[in-house]
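Asks: Mind looking at a prediction? Sequence and model below.
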Amino acid sequence: MKEEFLNILKKVKREGIEDIINFLEKSDFFKAPASTRFHGCYEGGLTEHSIKVYEILKHKVEHNIEPINISEESIIIIGLLHDICKTNFYKVDYRNAKNALGVWEKVPYYTIDDTIPYGHGEKSVMMITEYMKLTPEEKYSIRWHMGYTEPKELYNAIGSTYKKYPIALLTHEADLEATYFYDI
């Protein structure tokens, strides 16, 4: 999955993309889970989830009833990097659990070790912009990809964003579909 991810990301020719790739390769991104208990809760789950979001988003843009004017580079950046905030975010810990024979043993599980507590979508935007500039569509799509799972006090901002930047709504939908339809 790492090679597939990098082959897609290397299609982006924007200044700073090599720095992001270097950061990702030195980090745990390609081994990280996508979550601690839900989708992609296994080594490499984050990479697999990110590729699936990109694929779904690309399909949605290409087949949307209303044309979405966005570049292939933007679709790649949004899809592959929307969850970059999960880089160096999880760690393996151990807990006691009974095995199939009913004997207690230590088993590994993922837990959160958030050393940069800056939120989710906003943290991804912050991390990417440390290396390269993002377009407004990219920023808003990545920032609001969690949609209405955000606190209700933010619903007006989310709705305004989705009206102004339809790609942001498609990003949220792609993330949901990757999470729930593909159970990754």
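Replies: All right, it came through fine. Because the structure is a prediction, the values reported are computed rather than measured. Numbers count the residues shown, from 1 in each chain.
Asks: which other helices and strands contact whichever helix in the chain runs longest?
Replies: Looking across the chain with DSSP state H, the single longest helix is helix 45-63. With contacts defined as 3 or more C-beta pairs under 8 Å, 6 or more residues apart in numbering; DSSP states H and E, the packing partners of helix 45-63 are helix 2-9, helix 72-81, helix 166-180. Glycine gets a C-beta too; all of them are placed from N, C-alpha and C.
Asks: out of the ones you listed, which comes closest to residue 124?
Replies: Nearest to residue 124, of all the helices and strands packed on helix 45-63, is helix 72-81, at 6.6 Å by C-beta to C-beta.
Asks: From residue 161, how far off is residue 64?
Replies: 17 Å (C-beta to C-beta, to the nearest Å).
Asks: Show me which of those two is the more surrounded one.
Replies: residue 161 (21 against 12; other C-beta atoms under 10 Å).
Asks: Helix or strand: which one has that one?
Replies: Here residue 161, judged by DSSP states H and E, is contained in helix 155-164.
Asks: Equivalent analysis for residue 31, please.
Replies: Per DSSP H and E: residue 31 is located in neither a helix nor a strand.
Asks: Surely it touches residue 43?
Replies: Yes - contact criterion C-beta atoms under 8 Å: residue 31 and residue 43 qualify, at 5.3 Å.
Asks: pLDDT below threshold where in the chain?
Replies: Flagging of the chain using pLDDT under 70 yields the residue ranges 183-184.
Asks: switch to 90 and redo it
Replies: 1, 33, 35-44, 88-90, 92-93, 108-120, 147-151, 182-184 (pLDDT under 90).
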